[in-house]
Every structure is written in structure tokens, then in C-alpha cells.
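Undergrad: no sequence on this one, just coordinates:
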């Protein structure tokens, strides 16, 4: 027991230290340009965009911001970072209803859209569409970032897709609201014009397909921004916007007024009163080993998030040592019934554990219970014995189950996330409603250690084909280089920067964030699941 206590103490120190890096990243994302940029906004009569969002959402409710780490380290056109991708996205409640907020941060390249900005904006719209909630746009953008126009303008999943999505969601009855807090130029003007209802601020908001310099160049007309596309033009003459206000604060109040008329949301599943876990969520800092590749009892993790720390485990005694590398069962998460598929121990998936996971996903899908995948698996077991037993067949069965299940699915990565296990445990390619990572997560095709050995062996063979032998020092140096490369690319910050998941979250917040994500995901009716032809 003393050894366990010592290990817990060391784990806690380590993860708290790691999460300091997370908070430092959030600070960089939330304060691009520091006080100088805040002062610039103030001179324009503007507030930082997160202050506007805080005024928009209901008092004493959280704003679940997504992908704050997007855009860091991408090195776009001499820009080392695009902090937070220049776009703030997240979920908040307004008059008790969840909405998706998509807001330009004009402190980052005047709110212009780079490729990662486009990707983040589209991801937020996808979530809103999938979950059936309204979108609120706080728009202040210079449009597409012109030095990268070939990567933001012509393609399917680029700038123009915003407006396609707005049109389609509006047609489904998912309201689109826009508050223009600055300039909306060229294609960005459609954020104002396509909204179901839009608000502009007198002498602060502008919207036009071509600004004064373009008008001068194209037709020789000299015109001011205000006369060309100011708030009074579009609310009083063109009809492109609907409401005129005098300040950002008044604009936010108007948004809240408009949203107050939307019908109340209801969950598609019966929810019980929430019960706090008997094991506090902060215990996650103790039970997660510092080494991502060290085994753990995932039941201890589940106890930290489940109501009353209760877990109804499915087939607990099945095939000990092989069937329990995936743990399945049910919990209540803040009153919401949730099926769990969790990688356990060292996380290697055997035939028996894959078979159990398939059965459980099918059962949850039939009962229309959402699924939480707790991913901590380095992959499927390899070798002749396992191949003969059908690991490929049952691994692909997990893939089919993840792909075809229609219940809301969320992946929470707490450790290794490699190879086909990423697929079978419902990674990004399988359209889970959300993916959240921890600082312990490591997502890549294989671990750095494995990749180093394989790639070094290939490098040796290539050297022999060229008629020379690779010396041991060069081999060790190459192997270490590959280990470091894979370690860097598997890190949650690297993946979040590229929007391969929806955010790195602190362990103490996991229960609350997962519960809110399931709540949002259950606002739509759950369709029947059809799985095609399984091979058993």
C-alpha cells in the first residue's frame, strides 16, 4: 500500500506539472498580442471576443471551448503560429439551450482565414449539424488570407463551404444568427447575409463584397466604408442585415433576445438525477501512470467519472488475461446512461477482447445508449496464433461496429492510441461526436520505439542495396531521430494544432466535459443502427 501511495504521489506531481503546459498553451491562445492588442480593440470600441461570449451565454454556466491549441507550430507563410487558429469555437447555453459559437478573433491577422481557420470553422459547423443546435457567429474577419488563397478558396472543404453549411442547416431548421462586430469583406459578407437573423453595429460593422480599394480599382468609384457597406446601409437600404444596434454590448443583448424565442431543447434519452462519484475526479491524477506505455486498471479511471463510482461490467469473468484487455459495461454520467468500451491493462487487443467489444457496441446500439470509448490501446495482438484465431476478422468487426453504430459516440484518449486500435476504438475517421485527449495521450500509427526499430531495419536494408553497411553509431542516431519524430507527432498538442481531436482537457475537468458533450450529442433522435454483414 505504501508503494502504491508513493506511486500515486509521483503520478500526481507529474500530471499537474504536465497540465501547467496545457494552461500555458491556453494563455497563448486566448491573449494573442497581449495587452497591446487589447488596448487597440478598446480604441475601436471593441472587447476581446471571449468577453463577448461570456456576456452571451447564461450566467454561471461554462463555455466549453474547443481546440484552443489549434494553429500552433504550423509555420504558415512565415507565421510560426496562428493562435487558436484565429477562431474561437465552443458550446454554451443561452436561455438554457445549447448553441455553437463561432467567433473571429480579429487580433490574429485581422480575423483572416488561413487553412487551419477554415478547418476549425467547418469542424464547429459539423458538430452543430450533427447535434442539431443553432450556430451563433460573432463576425469580424478580413476574409480569406490572401497569401494562402490557393489553400483557402478553391477547394471543397475551404472558405466557401461555410456558406453551404449555413444554407443547409437553416433549411433543416437549425437557426443561424450573426452579430457583426467589425469588417466582413468579400465572401465573409455572406456570414451576415446568409444568417437567419443578423445584427450590425452602427459605425463599427461593415459588410461588402468588395471594399473601397476594390471598388476604386474596378469601376473608379470613390466611396467610404460607411457609405459602401455600413450598418445603416444594410439595415436601412439593402436589407442585408436585420437589426441596428449602437454597441457590442447592445448587440449581445439583441442576440440573447433573438435566441430567447427558440424552443426548449430536450434529450432523446431518459436522464436520472446526477450523483457525485465516491472516488473524486481528481483521483485521475493518482491512478494514471506517468509512462503512457505502462499498464493500468481502467476500472479505477471509470470510478472517477461515473455517478456514485458505480460500473455495471459486462462479461467481467470472460477469458481472463485476454478478454479483459477491453472492459465493457454501463455507467451513469451526471444522470445520463452511457455504455463504456475501455482499453485495459497494457491495452493490447486480443481476439477475445475484440469479440466482447463488438458484442457490447451492438447491444448499446440496439438499446440506443451512447458510447464512451476510453482509448488506451497500442494496437491489436500480432502473430501466427492470433491471426489463425481471427484477429483480423474481429478487429475489422470492431471497425464495422464503430462505423455503423448510430448512437452518439465520444472518444476519450488517456494513453497509447496506435494503428488499427485507433480505428476500432472510434478514432477521427469514424465520426465520433467528439474526441478529447489528455496530456497522457499518444496518437500515431505506432509508438516511437516500434517505429525506430522498424525504420532503422529498413534503413539498414536500403544501405546494403547501395553496397554499404550502416555503422552502429549511425544506426543508433537514426533510430533515436525516428523515436523523437514519432514522439513529437503523437503528442496531443501536435494533433490539436492540426484539429485531429477537439481539445486536450485537464483530468479534473474530464467528468464535467464528457457529460456536457453527451448532453449536446443527445439532442437529436437516435436512428436505428444497421451493421451489414459481420463475420463471426
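TA: Sure thing, it's come through. Just so you know, these numbers come straight off a predicted model, no measurement behind them. Numbers count the residues shown, from 1 in each chain.
Undergrad: in the least confident helix or strand in the chain by mean pLDDT, which residues are buried?
TA: Least confident element among the helices and strands of the chain, by mean pLDDT, DSSP states H and E: strand 79-81 (a mean of 86). Residues of strand 79-81 classed as buried by neighbour count (16 or more other CB atoms under 10 Å): 79, 81. Using the backbone N, CA and C atoms, a C-beta is placed for each residue, glycine as well.
Undergrad: list the strands paired with it, with their directions.
TA: Strand 79-81 pairs in its sheet with strand 72-76 (antiparallel), by DSSP bridges.
Undergrad: could I get the full set of helices for the stretch 1-150 of the chain?
TA: With DSSP state H, counting those that start in this stretch, the ranges of helices along the stretch 1-150 of the chain come out as 2-30, 34-43, 49-56, 115-131, 149-152.
Undergrad: tell me who's in contact with residue 192.
TA: Contact analysis of residue 192 by CB atoms under 8 Å, 6 or more residues apart in numbering lists 139, 178, 180, 184, 198, 200, 207, 234, 240-241.
Undergrad: residue 353 too?
TA: 319, 322-326.
Undergrad: now name the helix or strand holding the residue of the chain most remote from its centre.
TA: In the chain, counting by CA atoms, centre = their mean, residue 467 sits farthest out from the average C-alpha position, at 48.4 Å. Using DSSP states H and E, residue 467 maps to neither a helix nor a strand.
Undergrad: then residue 177?
TA: Assigned by DSSP H and E, residue 177 falls within strand 176-185.
Undergrad: hang on, the earlier thing: now, the contacts of residue 353 that are in strands?
TA: The strands, defined by DSSP state E, take in residue 326 from the contacts of residue 353.
Undergrad: which of the contacts of residue 353 tops the neighbour count?
TA: residue 326 (33 neighbours; other CB atoms under 10 Å).
Undergrad: these two touch, right, it and residue 341?
TA: Yes. Here residue 326 reaches residue 341: they are 6.4 Å apart, a contact under CB atoms under 8 Å.
Undergrad: so what's residue 89 closest to, chain neighbours aside?
TA: Nearest residue to residue 89 in three dimensions, chain neighbours excluded: residue 124, at 3.9 Å (CB to CB, 6 or more residues apart in numbering).
Undergrad: neighbours of the one you found, how many?
TA: Residue 124 has 25 neighbouring residues, counting by other CB under 10 Å.
Undergrad: for residue 354, see how far away it is.
TA: Applying CB to CB, to the nearest Å, the value for residue 124 to residue 354 is 34 Å.
Undergrad: same check, this time on residue 35
TA: Distance of residue 35 to residue 354, given as CB to CB: 54 Å.
Undergrad: buried residues, stretch 296-316. List them.
TA: So, applying 16+ other CB under 10 Å, buried residues of stretch 296-316: 296, 298-299, 301-307, 309, 311, 314-315.
Undergrad: cool, stretch 380-395 as well?
TA: So for stretch 380-395, counting by 16+ other CB under 10 Å, buried means 380-381, 386, 389-391, 394-395.
Undergrad: swap in stretch 355-365?
TA: For stretch 355-365, the neighbour count (16+ other CB under 10 Å) marks 355-362, 364-365 as buried.
Undergrad: closest one to residue 473 out of those residues, please.
TA: Using CB to CB, residue 357 comes nearest to residue 473 of those, at 44.5 Å.
Undergrad: was I right about that closest one contacting residue 326?
TA: Yes. Using CB under 8 Å, residue 357 is in contact with residue 326, at 4.8 Å.
Undergrad: which neighbours do these two have in common?
TA: 341, 349.
Undergrad: what residue ranges in this protein score low on pLDDT?
TA: Applying pLDDT under 70 to the chain picks out residues 1-2.
Undergrad: and the residue nearest to the spatial centre of the chain, how far is that from residue 393?
TA: Nearest residue to the geometric centre of the chain (CA atoms, centre = their mean): residue 502, 1.1 Å. Separation of residue 502 from residue 393 (CB to CB): 31 Å.
Undergrad: check residue 111 too.
TA: Per CB to CB, residue 111 is found 50 Å from residue 393.
Undergrad: just to revisit the earlier point, show me the contacts of residue 192 that map onto strands.
TA: Using DSSP E, 139, 178, 180, 184, 198, 200, 207 are the members of the contacts of residue 192 that sit in strands.
Undergrad: tabulate those residues (a markdown table), appending distance to residue 528 and neighbour count.
TA: Formatted as a markdown table, those follow (distance: CB to CB, whole Å; neighbours: other CB atoms under 10 Å):
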| residue | distance to residue 528 | neighbour count |
| --- | --- | --- |
| 139 | 39 | 27 |
| 178 | 36 | 29 |
| 180 | 42 | 29 |
| 184 | 42 | 32 |
| 198 | 38 | 26 |
| 200 | 45 | 29 |
| 207 | 44 | 29 |
